[in-house]
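Visitor: With the sequence up front, the predicted model follows.
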Amino acid sequence: MEIRNIAIIAHVDHGKTTLTDAILRQTGMAEEGVSMDSNALELERGITIYSKNAAVFYPPAGRQVKTTKINIVDTPGHADFGSEVERVLRSIDSVLLVVDAQEGPMPQTRFVLKKSLELGIKPIVVINKIDKPAADPAKCEEQVLELFLELGASDSQADFPIVYSIGKQGIAKKNLTDESINMDPLLDVILAHVPPANADASSTAAVRAQPFNLGYDNFLGRLAVARVYEGTLKMGDTVYVKKPTGEMRPGKITKMHTFRGLTKVDATEVVAGDIALIAGLSDIFIGETITNDTAAEPLPAIAIDEPTITLNFLVNNSPFAGREGKYVTSRQIRDRLEKELEINVGLRVDFVSGDLFKVSGRGELHVAILLENMRREGYEMQVSQPQVIVREEEGKKLEPFEEVIVDTPSEYQGPIIERLGTRKFVMKDLKVHENSVRLIFEGPTRGLLGYRNQFVLDTKGEGILSSRVVGFQPYAGEIKKRQVGSMITMTGGKALGFSLWNLQDRGVLYIGPAVEVYEGQVIGNTSKGEEMLVNPTKGKQLTNMRSKGTDEALNLIPPFELTIERGLEVMAEDEYLEITPTSVRLRKQALSETDRTRSRR
Ligand SMILES: Nc1nc2c(ncn2[C@@H]2O[C@H](COP(=O)(O)OP(=O)(O)OP(=O)(O)O)[C@@H](O)[C@H]2O)c(=O)[nH]1
Ligand SMILES: [Mg+2]
């Protein structure tokens, strides 16, 4: 059977997963309501976190023509997971570049397209969401072509086929005016345009397969998601794993799966061109070559992006430690992090000492997802403030830089330009639409840390900010951020509505009434920027005057509840974020005022 391998790439939310789901339904591989986004966190957040494989067969058997297997890799659109997309691109033959017909190309569109073009891939452009009232497919098409040319597409790459779609309704069409009721037009373009994966691979040659992703199974251990480039990989085979440098070690394949729809099916052999899950090679890594011939050339390496931010994971030692978590010891946290390293390719962990682990990742979201997964599994820990990774090259200090694209109603552009300016961001472009503007900036990741909350406030929630790391550049110099100060609890106990009501004029509170707090916990931030010792447990003085109203009648502003991401953003350098299965609390590292004074000296 012929095989085609494609990846679906786009900016976040442009509709990759919805489109993949529609293809699965159309080809009878999934029921209504089944989605590629299957992980609990993905469902909750509505974003793809892990790239996933599926396979469909088209046209369906019985239609007088031969059936082709199409392996599809759905990729995450969020910039923090960009390096994952890059790896996937190395192992497929074409991409569906999905672009929202209203938004047009966005930062991640540019990034994934650039990588695809560099690899010589000839993309298929899918202009999606043409049902949106403000969709402008013609303009979108024009912008996409511009982007291709700007990124140096070859003539044949710039001559891309276009398909228009409404992923949500499972409809695709070759021309905007066509009547279409299903996804067939898109599938037909895939067959016509994507080169067969196994056209010139001989099945009798020596095996060469290369993992582009890792998986984990409690029984089988580490799994490689690999493409077989040449030969036929057989169950039980003794193989050799070669590093790109040629270094070699033997191994044995104990189990293999290929994909059918979303399910994995056991395979006794995997032919050239196909994508498979391979078990048995417990230390296999991305980019290595699996072969059965000691003389085979290793396949070219696959680069893994360097982490950009780092923070410490520590055993929770707050007064509430151990109350809510199931796994709290340093041993348990260490084991969990070691397990994470099996599959989380962009992550680095430095096991510095007994109860402190230095964790580095590709961005705040990358780390926040790990923390969120851990707390759901019952872990409890605290973390320090994320710092960008500054590195030294030829005596020069380098730090990660990001491109930022802001779409906002025009009236808010002033404060955005001003604030990003003080954070060392340079405006690269400004495009005016009817009532909105698109601003493009470039600047240090360091300047962006802690800015997103401010952005939401400055645009009254109407602005959209997206960013992605563009690489390491010379250190941008000192950045003076207007710090918010912390409201620090001076005594433990239960917070009372009365005292919170008094405090809420001074800043933003993270807790509501009846929440138990401890000394040194940070329960809010002060708008004036000063640190403030507060007593949220103080009740109203009893007097013999008849008081107006009771506690419940107090007009309390709903608290700004801390999530892991918000916490990482608002926390100060001398604080820890305490994360348990049920709570996220912010605290000073030194809990008593005496200790804080001492450490300040
Ligand atoms: N109006 C409209 N909305 C769509 C269409 N396709 C997808 N959506 C919506 O767009 C949102 C994002 O869709 P997803 O498929 O999750 O987007 P994605 O590109 O996979 O997102 P990430 O994986 O997080 O990058 C969802 O709310 C979809 O319902 C479409 O054709 N029209
Ligand atoms: Mg998705």
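Guide: Alright, I've got the coordinates. Ligands and ions are numbered 1, 2, ... in the order given.

Visitor: pretty sure residue 468 is in a strand, no?
Guide: Yes: counting by DSSP: H, G, I helix; E, B strand; the rest coil, residue 468 is found in a strand.

Visitor: who touches stretch 506-517?
Guide: 320, 484-485, 487, 489, 492-497, 500, 503, 522-528, 532, 536-537, 551, 556-562, 586 (Cβ atoms under 8 Å, 6 or more residues apart in numbering). Placement of C-beta: from N, CA and C, glycine included.

Visitor: From one end of that stretch to the other, what's the distance?
Guide: Using Cα to Cα, to the nearest Å, one end of stretch 506-517 lies 19 Å from the other.

Visitor: related to what we said a few turns ago, tell me the buried residues within the contacts of stretch 506-517.
Guide: Among the contacts of stretch 506-517, the ones that count as buried by 16 or more other Cβ atoms under 10 Å are 320, 484-485, 487, 489, 495-497, 500, 503, 522-526, 532, 536-537, 551, 556, 559-560, 562, 586.

Visitor: Which of those fall within strands?
Guide: Taking DSSP state E as the definition of strands, those contribute 485, 487, 489, 522, 523, 524, 525, 526, 532, 586.

Visitor: quick one, what contacts the closest residue to ligand 1 within the stretch 1-150 of the chain?
Guide: Closest approach between the stretch 1-150 of the chain and ligand 1, counting by Cβ to the nearest ligand atom: residue 77, at 2.3 Å. By Cβ under 8 Å, 6+ apart, the residues touching residue 77 are 9, 10, 11, 12, 13, 14, 16, 47, 48, 108.

Visitor: For the lengthiest strand in the chain, the averaged confidence score.
Guide: Scanning the chain for the strand with the most residues, using DSSP E, yields strand 396-409. Summarised as a single mean, pLDDT over strand 396-409 is 91.

Visitor: so what strands line up beside it?
Guide: Applying DSSP bridges, strand 396-409 is found paired with strand 391-393 (antiparallel), strand 436-444 (antiparallel), strand 464-474 (antiparallel).

Visitor: Now mean neighbour count, mean pLDDT and distance to residue 239 too, for the ones you listed, in TSV please.
Guide: TSV is the format used below for those (neighbours: other Cβ atoms under 10 Å; pLDDT from 0 to 100; distance: least, Cβ to Cβ, whole Å):
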stretch	mean neighbour count	mean pLDDT	distance to residue 239
strand 391-393	10	89	37
strand 436-444	20	92	45
strand 464-474	17	86	36
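
Visitor: so which of these comes closest to ligand 1?
Guide: strand 464-474 (10.7 Å).

Visitor: quick revisit: find the pair from the contacts of residue 77 with maximum spatial separation.
Guide: Across these, the two members that end up farthest from each other (Cβ to Cβ) are 9 and 47, 14.6 Å apart.

Visitor: near ligand 1, which residues of this structure?
Guide: Taking Cβ under 6 Å from any ligand atom as the measure of proximity, the chain contacts ligand 1 at 10, 12-18, 46-48, 76-78, 128-129, 131-132, 166-168.

Visitor: Kindly recompute the last result at 5 Å.
Guide: 12-18, 47-48, 77, 129, 131-132, 166-168 (Cβ under 5 Å from any ligand atom).

Visitor: between these, which is closest to residue 411?
Guide: Distances from residue 411 to the residues of the chain next to ligand 1, taken by Cβ to Cβ, are shortest for residue 132, at 23.5 Å.

Visitor: which helices and strands sit right next to the helix or strand following the longest strand of the chain?
Guide: Next in sequence after strand 396-409, counting helices and strands by DSSP states H and E, comes helix 413-422. Helices and strands touching helix 413-422, by 3 or more Cβ pairs under 8 Å, 6 or more residues apart in numbering; DSSP states H and E, are strand 396-409, strand 426-432, strand 436-444, helix 452-458.

Visitor: same thing but 10 Å
Guide: Where contact means 3 or more Cβ pairs under 10 Å, 6 or more residues apart in numbering; DSSP states H and E, helix 413-422 is packed against strand 396-409, strand 426-432, strand 436-444, helix 445-448, helix 452-458.

Visitor: one step back: residue 9 and residue 47: which is more packed in?
Guide: Taking other Cβ atoms under 10 Å, residue 9 and residue 47 do not tie; residue 9 has more neighbours (30 against 18).
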